[in-house]
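Visitor: Model the following, please.
(chains A and B)
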Amino acid sequence: MPGRPRREVTVDRSLCRRCQDNEPTITIRTEPLCATCFAKYVSTKAVKRMESFRVRHAEAGSERILLLPLSLGACSTTLIHVLSQHLAGQSERTGRTGFKLHILHVDGTEPAQSSSSLNKVRECYPQHSYSSLPLADALSLEGIHELLNLTESQENTAEALSIAVANLNSATSRDDILQLLQRKLVVDFAKRHNCEAILWGDSTTKLAERTLAETAKGRGFNLPWTVSDGESPHGIPFYFPMRDLLSKEIVAFTTMTEPPLADLVVQREQKRMVSTKNTTIDELMKQYFESVEQEYPGIVANVVKTTSTGKEQTLLWLYSSLTTNSRMRETGLRLGRDLLKTLLYSRCALSATHLHAIVYRAYSEGAEEDQACWHWEERELQQS
Amino acid sequence: MPPHICEICRTARAQILRPKNHARICAACFIDIFESETAETITSTSLFQPGERVAIGASGGKDSTVLASVLKTLNDRHGWGLDLVLLSIDEGITGYRDHSLEAVKRNSAELGLPLKIVSYEELYGWSMDQVVAQVGKKGNCTYCGVFRRQALDRGAAMLGVGHVVTGHNADDVAETVLMNLLRGDLPRLSRATSIVTSTPSAARGPEGSFTNVKRSKPLMYAYEKEIVLYAHHKKLDYFSTECIYSPEAFRGSARTLIKNLERIRPESILDVVRSGIDMAKLVPDAAGNCKSGCADKKRKQEAQAEQEEGEGGCGSGNGQDAGGEMAEMERKLWQDEKAEEDGMEVEIKMPMKAVNGQNHDRDIAASGPPTSALITPTSDQDHDRHTHLSIPDLETKQTTVPIRTKAEKKQGRKMGKDGIARPAQTLGQCERCGYLSSQAVCKACVLLEGLNKSRPRTGVEVGGGDG
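Guide: You can find the predicted model right below:
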């Protein structure tokens, strides 16, 4: 309030900025924090994003199950750790929890030690249920055979998958299709197991990387739906509880817990950029934000904040363009045929929101798969 | 290994690996396809009216030289009946602009297109060399940028032209898209991706023959590399030195990223442009969503645009400052977050710029590399346009010294400080020069005031001195 002088608090810069009791161990943005306050910081940031899953929202008798895909990287492992503590706190205070976690690990491209690592996580946090699926299972999902040009008779083995992926003409496309398959597999699993939502471990940095990578892949239209919490185009809500934490903060956190989480994390080899030709767009963005994150963390967060808004606008725009733009109609027809049929035949029976969601799915699934395998034709690119 | 045969004509030997899609084609086919793609862009967006008089913003650099050449060729080939003229701005930078203007003159003669040169000296009474002598090498790009945007419009007005085309290419647009994503500035992103930048005066209705000047970028889907190739194979004469006042060209994050992306997947550049166009549609009240029927909002948006575009100069200009600007933005974001956490508003004290008493909140929003960074260093374009003085008016005004009254200054400062409760911006006219502005006094006049203040007023001071 103007006019009223605030009492000056003298801050000892040599001690933790928050508690002023301990020696600081890490500097977060501009604040030196001690290990305890830093742990509080990490957990508050993540838990704040879980507000819609509080105990008071949980109906007695019916447990809400949330799926947590675990890549065994620093982010998703930290998310399990933080949420486990959060759930323990809930049951201590109220005798029950707001939700239950189901952990899913997709076994695909990770190094071999991942299965032993997964067992270690299971031992540390035994209160959750665990599943593990090979990535090749994604081949049995609807539409994937057509997408990858596989014949009916081909078996859904890891070998078939690696052959199909190897046929794609660039490292970026290969990376892209693996991500797409993984996401489809996770979504399918979540739906089959009646999960209410999916909790992804992505940090601010990761989301910013994705924002720019998706932009570079020509999917800017999809951004508000890719990086924001809530309804997703995949028919199940997505949440990113770690969205307010930087990758470097999370990595630091994994070394400071007791016992250190870092022991559970599977270290991925950092591929150094030898030649740009064989890097992927995602790797390029990863390296880019690694450097930006060091000096300008606020800018990383700002990228995500900017693109997280505008879901409504996307739908309105898609709705109007689907009725006017032939290219979109084609894409929609090619890959979202059934969805589009539902739309056309039952237009009057559906509510506006529902209608929009269907239109959106038809288009986004169509366009995304379209691009992952066959890059847009020149003509289409140049003109809309 | 047998030589590759052109993928298009199947007869000639392929000389060119096309940057856009790695097709191997011969030079003749390349020139042909480059021209027909540009024609496609122009016809599919109905860029020109038959018989329209169009000014080509010519800097003597590769982009505008290729643009002039392609437009001339297509106009003759397809009988569009366009009346093409070259319009150059002379900033008055010795060792740079004088040389590039020579290239423009040679092009003008070669293509048989008339050329009009408008100089800062004549419009404002200050050449850039003089401005630099006054304000130093740092920050002079702001002056250059603000002056240029008015100069192009006024030049068009002098020529009686309603449409100025500029040489922005796909790389420029893609770079702006990434830059504005990093900066979190979607409205500006949306403007950068539209092929025709909207015209405030057109929205206000015709008020005179000179007021309806629109800007467009017919090469916005053309790769920079292909423009260079086209210039090379057509043996075009262009000037390729960067502005001497910005020796370290702006090689900021966005530019490096775009170049790396192009190496990974050449289509990326157009993909980024595509994404930008789509994202622009997500901006509420932006061009894509609200093209017609809401003139008020539109005018407000234009007013913003007018503010934004004025910042910064010719992109390369802020080379040394680029890091500083990122740091500045970082600091601002950090403050915002803190304020939010503490649950209170903090008054953000802006560095008061001596010449710029108004519009402080805007300054922040536009910090970071300026929009016009998408302009390659040698090109003369800026994006938008506004109303003009009629010519006689202009002539009487050009060297007058604008001095603001105390009341004006007070008002200006006040508007700057209470950034929160400011009335919505609306476009009016600058009370000094009549140029379209959302402020009482337009940006150029404010800058001029600062400059003129420190210039000795010869008439008074020499004669002065009584007993």
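
Visitor: other SSEs contacting whatever helix or strand A:His102 lives in?
Guide: Using DSSP states H and E, A:His102 sits within strand A:100-107. Contact partners of strand A:100-107 among helices and strands, from 3 or more CB pairs under 8 Å, 6 or more residues apart in numbering or on different chains; DSSP states H and E: strand A:65-69, helix A:74-94, helix A:114-124, strand A:129-134, helix A:171-192. For glycine as for every other residue, the C-beta is placed from the backbone atoms N, C-alpha and C.

Visitor: worst average pLDDT in the ones you listed?
Guide: Mean pLDDT across those is lowest at helix A:114-124; the value there is a mean of 86.

Visitor: Would you mark the buried spots in that helix?
Guide: Buried residues in helix A:114-124, defined by neighbour count with 16 or more other CB atoms under 10 Å in any protein chain shown: A:114, A:117-118, A:121.

Visitor: Okay, angle between it and helix A:74-94 too, please.
Guide: 20 degrees (axes from the mean of the first three to the mean of the last three CA atoms, to 10 degrees).

Visitor: Go ahead and name everything in contact with helix A:114-124.
Guide: Helix A:114-124 has contacts (CB atoms under 8 Å, 6 or more residues apart in numbering or on different chains) with A:70, A:72, A:77, A:80, A:103, A:105, A:107, A:130, A:132, A:263-266.

Visitor: of all the residues in the stretch 201-350 of chain B, which ones are close to chain A?
Guide: For the stretch 201-350 of chain B, the contact set with chain A under CB under 8 Å from any CB of the partner chain comprises B:221, B:253, B:257, B:260-261, B:263-265, B:267-268, B:270-272, B:274-279, B:281-284, B:288-289, B:326-327, B:329-334, B:337.

Visitor: count of residues packed around the residue in the stretch 1-150 of chain A that chain B sits nearest to?
Guide: Of the residues in the stretch 1-150 of chain A, the one nearest chain B is A:Arg29, at a distance of 6.1 Å by CB to the nearest CB. Each residue near A:Arg29 was counted by other CB atoms under 10 Å in any protein chain shown, and the total is 14.

Visitor: contacting residues for it?
Guide: Taking CB under 8 Å, 6+ apart as the definition of contact, the neighbours of A:Arg29 are A:297-298, B:334.

Visitor: A:Phe38 reaches A:Thr27, doesn't it?
Guide: No. Under the criterion of CB atoms under 8 Å, A:Phe38 lies out of contact with A:Thr27, with a separation of 9.7 Å.

Visitor: who has more neighbours, these two?
Guide: Looking at A:Phe38 and A:Thr27 with other CB under 10 Å, you find the greater number of neighbours at A:Phe38, namely 23 against 11.

Visitor: so what pLDDT did A:His354 get?
Guide: What the model reports as pLDDT for A:His354 is 52.

Visitor: hang on, the earlier thing: most tightly surrounded among the helices and strands packed on strand A:100-107?
Guide: Comparing those by mean neighbour count (mean count of other CB atoms under 10 Å in any protein chain shown), strand A:65-69 comes out on top with a mean of 21.

Visitor: partners of it, with directions?
Guide: In the sheet containing strand A:65-69, its partner strands are strand A:100-107 (parallel), strand A:197-199 (parallel), by DSSP bridges.

Visitor: distance between that strand and the chain's centre?
Guide: Relative to the centre of its chain, strand A:65-69 is centred 12 Å away, using CA atoms, centre = their mean, to the nearest Å.

Visitor: now that strand and helix A:171-192, what's the angle there?
Guide: Relative orientation of strand A:65-69 with respect to helix A:171-192: 160 degrees, computed using the same axes, to 10 degrees.

Visitor: how about strand A:65-69 as PDB, C-alpha atoms only?
Guide: As requested, the backbone C-alpha atoms of strand A:65-69 are provided in PDB (Å, rounded to 0.1, in the frame of the first residue of the first chain):
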ATOM      1  CA  ILE A  65      -6.300 -43.500 -10.400                       C
ATOM      2  CA  LEU A  66      -3.700 -41.400 -12.200                       C
ATOM      3  CA  LEU A  67      -1.200 -42.900 -14.600                       C
ATOM      4  CA  LEU A  68       2.400 -41.800 -14.200                       C
ATOM      5  CA  PRO A  69       4.600 -42.800 -17.200                       C
END
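
Visitor: mind listing what's buried in the strand holding A:His102?
Guide: Of the residues in strand A:100-107, those buried by neighbour count under the rule 16+ other CB under 10 Å are A:100-106.

Visitor: Please tabulate these in JSON lines, including the columns pLDDT.
Guide: Shown next, in JSON lines, are the buried residues of strand A:100-107 (pLDDT from 0 to 100):
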{"residue": "A:Lys100", "pLDDT": "92"}
{"residue": "A:Leu101", "pLDDT": "95"}
{"residue": "A:His102", "pLDDT": "96"}
{"residue": "A:Ile103", "pLDDT": "95"}
{"residue": "A:Leu104", "pLDDT": "95"}
{"residue": "A:His105", "pLDDT": "92"}
{"residue": "A:Val106", "pLDDT": "90"}
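
Visitor: Could you find which two of those are furthest from each other?
Guide: Spanning the widest gap among the buried residues of strand A:100-107 are A:Lys100 and A:Val106, at 20.0 Å by CB to CB.

Visitor: Switch the strands paired with strand A:65-69 over to a markdown table; also include distance to A:Asn156.
Guide: Compiled in a markdown table, these are given as follows (distance: least, CB to CB, whole Å):
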| stretch | distance to A:Asn156 |
| --- | --- |
| strand A:100-107 | 14 |
| strand A:197-199 | 23 |
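
Visitor: Contacts only, for the residue of chain A found nearest chain B.
Guide: Using CB to the nearest CB, the single residue of chain A nearest to chain B is A:Gly220, 2.5 Å away. Applying CB under 8 Å, 6+ apart to A:Gly220 gives the contacts A:214, B:272, B:274-279.

Visitor: Repeat that for A:Gly298.
Guide: A:29, B:329-334, B:337.

Visitor: element containing it, please.
Guide: A:Gly298 belongs to helix A:297-308 when assigned by DSSP H and E.

Visitor: quick one: A:Gln85 and A:Lys40 touch, right?
Guide: No. At 10.8 Å, A:Gln85 does not count as touching A:Lys40 under the criterion of CB under 8 Å.

Visitor: number of nearby residues for A:Thr309?
Guide: 15.

Visitor: Can you tell me the SS state at B:Gly81?
Guide: Reducing the assignment at B:Gly81 to three states with DSSP: H, G, I helix; E, B strand; the rest coil gives coil.

Visitor: lowest confidence element among the helices and strands of chain B?
Guide: Of all the helices and strands that make up chain B, helix B:360-365 has the lowest average by mean pLDDT, DSSP states H and E, namely a mean of 34.

Visitor: what residue ranges in chain A are flagged as low confidence?
Guide: A:1-9, A:60-61, A:109-113, A:152, A:269-277, A:310-384 (pLDDT under 70).

Visitor: Spatially nearest residue to the most centrally placed residue in chain A (excluding sequence neighbours)?
Guide: Nearest to the mean C-alpha position of chain A, by CA atoms, centre = their mean, lies A:Trp200 at 4.2 Å. With sequence-adjacent residues excluded and distances taken as CB to CB, 6 or more residues apart in numbering or on different chains, A:Trp200 is closest to A:Phe240, at 5.2 Å.

Visitor: What is the burial count for that neighbour?
Guide: Counted with other CB under 10 Å, the neighbours of A:Phe240 add up to 24.

Visitor: close enough to count as contact, it and A:Arg49?
Guide: Yes. With contact defined as CB under 8 Å, A:Phe240 counts as touching A:Arg49 (7.3 Å).
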